Each structure stands twice: as structure tokens, then as C-alpha cells.
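Predicted model follows, preceded by the sequence.
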Amino acid sequence: MPYQIYSHTLPSATLGTQRIIKAHHFGDQGARPKVYLQAGLHADEWPGFLVLNSLIKLLKEADEKGLIQGEIIIVPVANPIGLAQNFHGYIPGRFAFSDGGGNFNRNWPQLGEKVKKRLHGEVSSDSQENVSLVRSIIAQELAELPENTELQGMKKTLLALSMDADEILDLHCSGEASMHAYVAQEFEEHFRPLLALLGAKVGLSELETGAASFDETNVSVWRTLKSDYAHLIPWGSRSLTVELRGENDICDEYAAHDAKALFDYLILRNVIAGDTPEIDDSKVVYYPLDAMDLVKAPCAGIVCYRKNIGESVEAGEVIGEVVDLMDDDVDVSRYPLVARADGVFFARVQRRLVVRGESIAKIAGREHLAFREIGNLFED
């Protein structure tokens, strides 16, 4: 099938408004492997927009040359709802203003138990037949999801496009950060080449975060089923969240580099025909998510950092200070930001005016931190 663009209309939230999600399709429908990519689910995180725009150009050329072997779906703008939340030039696109509010990348529909109930008694000794069966049941469950609101419609649309894919790549970014990714423990080795191609040295290894995020939701069905059926039902889907550096790390050079990395990865996975890329993954290191220190502001004020993104830190080391502008004595108005883990300082908020108690910096550590709660590893 030649390159096609499909528009998916969301339920109209208010009189006279209508939003759409555009999906770019390459390859024959049903061809394998199938890879799904999206950007901007957090609508204030924009590097992925330009990266996927650049990747689409590469894929159009590959399509014209007949090199597409699998199926590729790209949604370059995944959250038109969040993008519309423009408040005097500022787009607070991480949280929904309507439909009960909440983080756009949390609390997605969990279908695992429903699929397992429908599957009961149908599993055979043919693992690939089982994968096809599970995918058909997932499609049935997706069709029954409600779309009474615009947000429900958006989630249903994105899941319908992605949940039968072999791989799902969800592109995000942090405030200020080095390239990194959140990867399920089961997929560390599978995605190591992708991290290497992107130049990510930090991978956060997770199991159950409790967030019910988009990438977790796409694999949660398979994780649920494998607990009962093990090898009879292999992984029918693998997903990860890629953090494309910081919010302002947007330029043609970065976009070209990252798009080429994604294109090479598609070659590696036999989705596109081409010469297999050479990969050096020796610099990719996985750190347990429950070993990640979220450094919190000890007071409200202006933050000044002593350490730079990408630098190593030691537990007890001061990585910066927050200046409390309300202190009477300016000579003692600086409060230290103290690392609680040995590791890599890889991300921080972009704002320099911070609120007391908020997490403003991230350190990837190697050892479990007692104050990190398994199943509740994301605070927002």
C-alpha cells in the first residue's frame, strides 16, 4: 500500500469545535513487523514534533524506492487537546484542563484482565496463533471503550492505532536533560540498540510504575497474560518512552540526527530494507527506576545549580542551592540541594523559580532507595 494519511476526528467537546489526529501510514496494512511512533502526548514537549517530521521525509523516500517491508504508523501530533490549552502564549500541555483534569500520560485504560477473561480456554500450543488471537481480542475490547468525551476519544484513537504494533515508541522530553529513555525491565536488551543509535547513555529500567502510562498500557495486556501462559503467549508488543533531551533542544541538527537514528533502527528490525547499521552500545547503562533520586526543593526560591547535566554525582554531594528570597538575612538564604544517590545527574526542571517540596532534579542511581515506593514511582 502506498503512503497514506488518515485523519481521525475526535468527539466535539464544545459547540463549533472539532479536533483531529493525523496518522501517517507506510507499508501494507497487516505487514510485520509493525512499528508505531508518536510525539507530543505531553503537549508542552515539542522536540518529537520536528523529529517525526524529519523521519516522515526519510520514510517517503524509502517508500518511493520500495524499501518498506513492514508497517509503520506515525502520529506526529498526538495531543491536539493539550495543544489547544494556550493561555496567553503559554501551553500547559502536561495536564488536561477538562474531563476531570489529570496528567495526559497517566491512567490509560487497562485491558489485561478483560482480555484474559475472553481468552480463557482458547489458548493453543501454537504461540503465533495465540498472538493473533490476543490481538483480535484486544481490538474487540478497544471497540467497546467509551468515547463520551474528547479525551476518551483521543485515548481510544491512539490505542487503536498502536496496540497491535510489535513496537511502540512514545517520544517525550524533559525540562533540561540528556537523552534518556524509560524501558521495561523485560525489554532492556531489545531496546539497547535504539538507545545507542540515539546517543542515550541513561536508560531507566522499570517494571510496574503504577502510572498506567501510554507505553505501559500497550504492553500491560501481554504482561498480564504471560503471568498465566508464559511461553505459550510471547510478547506481542514492546514499548518504551524516549526522552529527547530538554524542552528547548529543538533544531534541525538534532532532528536530523534523531530521525536518522530511528530510521536505522527500523532497518535493524527489518521494517525497512537496507544495510544493517553498526551499533556500539557500550555506553548505554540501565539504572533501576526505584534507584532514581528525585531531588526536591527545600524551600521556594531561585535555584542555582553547581553540577551540569550528564555529570556524575555522589550521595551527600551538593548539586546546587535554592535561594530563599524572603529570608531576612541574605547571607544565610541559600539552602543546599543534596544528592541521595551515587549516579548521573541527567535531568532537571527548566524553570529557575521553584516551589517548596517539588521535584526539580533527577539522579540515576544504581541501588534501591528506601524512600522510593514501588508501584508509585512517578509523582506527576
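Cool, got the structure. Residues are numbered from 1 along each chain as shown.

elements contacting the one helix or strand E141 maps to?
Assigning secondary structure by DSSP states H and E places E141 in helix 127-143. Other elements packing on helix 127-143 under the criterion 3 or more Cβ pairs under 8 Å, 6 or more residues apart in numbering; DSSP states H and E are helix 112-119, helix 150-162, helix 214-229. C-beta coordinates here come from the backbone N, C-alpha and C atoms, glycine included.

would JSON lines of those with distance to K296 be doable?
Output for the helices and strands packed on helix 127-143, formatted as JSON lines (distance: least, Cβ to Cβ, whole Å):
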{"stretch": "helix 112-119", "distance to K296": "33"}
{"stretch": "helix 150-162", "distance to K296": "30"}
{"stretch": "helix 214-229", "distance to K296": "25"}
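
how about S178, what does it touch?
200-202, 245, 309-310, 346-347 (Cβ atoms under 8 Å, 6 or more residues apart in numbering).

Filter those down to the buried ones, PyMOL style.
The buried residues among the contacts of S178 can be selected in PyMOL (16 or more other Cβ atoms under 10 Å) with this line:
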select buried, resi 200+201+202+245+309+346+347
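
Of all the residues in the helix holding E141, which ones are buried?
In helix 127-143, counting by 16+ other Cβ under 10 Å, buried: 130-131, 133-135, 137-138, 141-142.

how many neighbours does the closest residue to I91 other than its chain neighbours have?
In space, and not counting its chain neighbours, I91 is closest to D44: 5.3 Å by Cβ to Cβ, 6 or more residues apart in numbering. Neighbour count for D44, taken as other Cβ atoms under 10 Å: 19.

Ok, the one 5 residues further on next?
In terms of burial, F49 registers 19 neighbours under the definition other Cβ under 10 Å.

and what of E278?
When neighbours are counted by other Cβ under 10 Å, E278 comes out with 7.

The one 10 residues further on now?
The local packing of P288 (other Cβ under 10 Å) involves 19 other residues.

what does P277 give?
15.

OK, contacts around it?
197, 264-265, 267-268.

Same check on S227?
Contacts of S227 were listed using Cβ under 8 Å, 6+ apart, and none were found.

Could you check the pLDDT of it?
In this model, S227 is scored at 89, pLDDT.

Kindly provide the distance from it to F104.
Separation of S227 from F104 (Cβ to Cβ, to the nearest Å) stands at 28 Å.

can you check M1 too?
Computed as Cβ to Cβ, the M1 to F104 distance reads 31 Å.

Which one's more surrounded, the two?
Neighbours per residue (other Cβ under 10 Å) separate M1 from F104, with F104 holding more: 24 against 13.

Just the pLDDT at the more buried one, thanks.
Confidence for F104, expressed as pLDDT, is 97.

now swap in the one 10 residues further on and tell me
What the model reports for K114 is a pLDDT of 96.

From D331, how far out is the closest residue in space to it that isn't next to it in sequence?
Using Cβ to Cβ, 6+ apart and skipping residues adjacent in sequence, the residue nearest K114 is E141, 5.3 Å away. Relative to D331, E141 is positioned 63 Å away (criterion: Cβ to Cβ).

which SS state does the closest residue to I272 other than its chain neighbours fall under?
Closest residue to I272 apart from its sequence neighbours, by Cβ to Cβ, 6+ apart: L266 at 4.6 Å. Secondary structure state of L266, per DSSP: H, G, I helix; E, B strand; the rest coil, is helix.

The nearest residue to V295 once chain neighbours are set aside: which element?
Spatially, and ignoring its direct neighbours in sequence, V295 is nearest to A361 (4.0 Å; Cβ to Cβ, 6+ apart). Using DSSP H and E, A361 falls within strand 359-365.

Show me the protein divided up by domain.
With domains defined by automatic domain parsing, the chain comprises 4-288, 292-365.

chain center to the first one: distance?
The reference is to domain 4-288. 7 Å (Cα atoms, centre = their mean, to the nearest Å).

buried ones in stretch 228-238?
229, 233, 235-238.

Format these as TSV; extra columns: distance to P92 and secondary structure.
Output for the buried residues of stretch 228-238, formatted as TSV (distance: Cβ to Cβ, whole Å; DSSP: H, G, I helix; E, B strand; the rest coil):
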residue	distance to P92	secondary structure
Y229	43	helix
I233	41	coil
W235	36	coil
G236	36	coil
S237	31	coil
R238	31	strand
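
which one among the residues you listed gets closest to L337?
L337 lies nearest to R238 out of those, by Cβ to Cβ, at 35.9 Å.

show me what contacts the closest one?
Neighbouring residues of R238 by Cβ under 8 Å, 6+ apart: 166-168, 184, 186-187, 190-191, 219.

That one and L37: what is the separation?
Distance of R238 to L37, given as Cβ to Cβ: 13 Å.

May I have the beta-bridge partners of the residue nearest the centre of the chain?
Taking Cα atoms, centre = their mean, the centroid of the chain lies closest to T241, which sits 2.5 Å from it. T241 has these beta-bridge partners by DSSP bridges: D170, Y182.

how close does it sit to S98?
Remark: distance between T241 and S98 (Cβ to Cβ) = 24 Å.

Kindly report the same for L111.
Here the criterion is Cβ to Cβ. By it, L111 lies 24 Å from S98.

In terms of neighbours, single out the busier of those two.
Per other Cβ under 10 Å, whichever of L111 and S98 has more neighbours is L111, with 22 against 12.

ok, now which ones touch the nearest residue to that one once chain neighbours are set aside?
Here the nearest residue to L111 in space, its sequence neighbours aside, is E141; by Cβ to Cβ, 6+ apart that works out to 4.8 Å. Shown in contact with E141 (Cβ under 8 Å, 6+ apart): 111, 114-115, 118.
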